[in-house]
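> generate coordinates for the sequence data below:
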Amino acid sequence: MRALIGILISLACGTALAAETGYRLDRSPHDPTDLPSLQAGARTFVNYCIGCHGMQYMRYNRLRDLGLTESQIRDNLMFTAEKVGETMKTPMSAKEGKLWFGVPPPDLSVVARSRGADWLYTYLRTFYRDPKSATGWNNALFPNVAMPHALWTLQGELRRVDGRWETLSEGAQPRPQYDATVRDLVNFLAYVGEPAALERKAWGIVVLFVLGILFVLAWLLKKEFWKDVK
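Numbers count the residues shown, from 1 in each chain. The predicted model follows:
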């Protein structure tokens, strides 16, 4: 019942978020079992996001669960720590973030659980140039957002005119490749929100299977016990 209520609340929140801006959420094609995608998402995060956003509940050594060795983590992903047991913190302080952006950049440990993967996937693909904003950027899903477009060199610069998208300059990645980059990043953020999700679901299936067997045995026992009772 709790799980059902949680799902209904999540769906309602997602619909409400989309309704607030009038922008439809796109379906996130992320896959929590795709290890190469998760590894690519981790690389994108440390290269483009960790300068402003930390993950206070995620330690570098948990990246070994994604198929990475400690040496790979230390050599390629640890830009803000010295030991693999440390959390994925950002070098930016809350005071600096508030000074530069007006508000401290949020921690992203559970952002996929609070916002939803579809919201993140849509948000990271709907930035556009806006000369009226302080950062020069705006977002179709999150109007007047304080965050600049951290991935603009990959996506390029877009302009939004009367609900239509126009390209101002090309990025380093064509659109399908950029969408794949965002998918990988969202995949990683979803993983960080609940690293044990796949294991928990696997155990859930086992428990349901065992309960099913016990139910059958209990029913047979009841039938045998009451067969001579009239």
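> A helix includes Leu217, no?
Yes - read with DSSP: H, G, I helix; E, B strand; the rest coil, Leu217 is one of the residues of a helix.
> for Leu25, see how far away it is.
Look at Leu217 and Leu25: by CB to CB, to the nearest Å, they are 46 Å apart. All C-beta atoms are positioned from the backbone trio N, CA, C, and that covers glycine.
> more crowded one of the two?
Counted by other CB atoms under 10 Å, Leu217 and Leu25 do not tie: Leu25 has more neighbours, with 19 against 10.
> what's the neighbour count on the residue nearest to Val110 when sequence neighbours are not counted?
Closest residue to Val110 apart from its sequence neighbours, by CB to CB, 6 or more residues apart in numbering: Gly193 at 4.9 Å. Neighbour count for Gly193, taken as other CB under 10 Å: 20.
> with Pro104 instead?
19.
> sec struct for it, please.
coil.
> OK, contacts around it?
The neighbours of Pro104, taking CB atoms under 8 Å, 6 or more residues apart in numbering as the test, are 94-95, 97-98.
> quick one: buried residues of the helix or strand Tyr178 falls within?
Applying DSSP states H and E as the criterion places Tyr178 in helix 175-193. If you call a residue buried by 16 or more other CB atoms under 10 Å, then helix 175-193 has these buried ones: 178-179, 181-193.
> tell me which other helices or strands it touches.
When contacts are defined as 3 or more CB pairs under 8 Å, 6 or more residues apart in numbering; DSSP states H and E, helix 175-193 sits against helix 35-44, strand 55-59, helix 111-115, helix 117-123, helix 152-155.
> try it again at 10 Å.
helix 35-44, strand 55-59, helix 111-115, helix 117-123, helix 152-155, helix 197-226 (3 or more CB pairs under 10 Å, 6 or more residues apart in numbering; DSSP states H and E).
> buried set for the second one?
Of the residues in strand 55-59, those with enough neighbours to count as buried (16+ other CB under 10 Å) are 55, 58-59.
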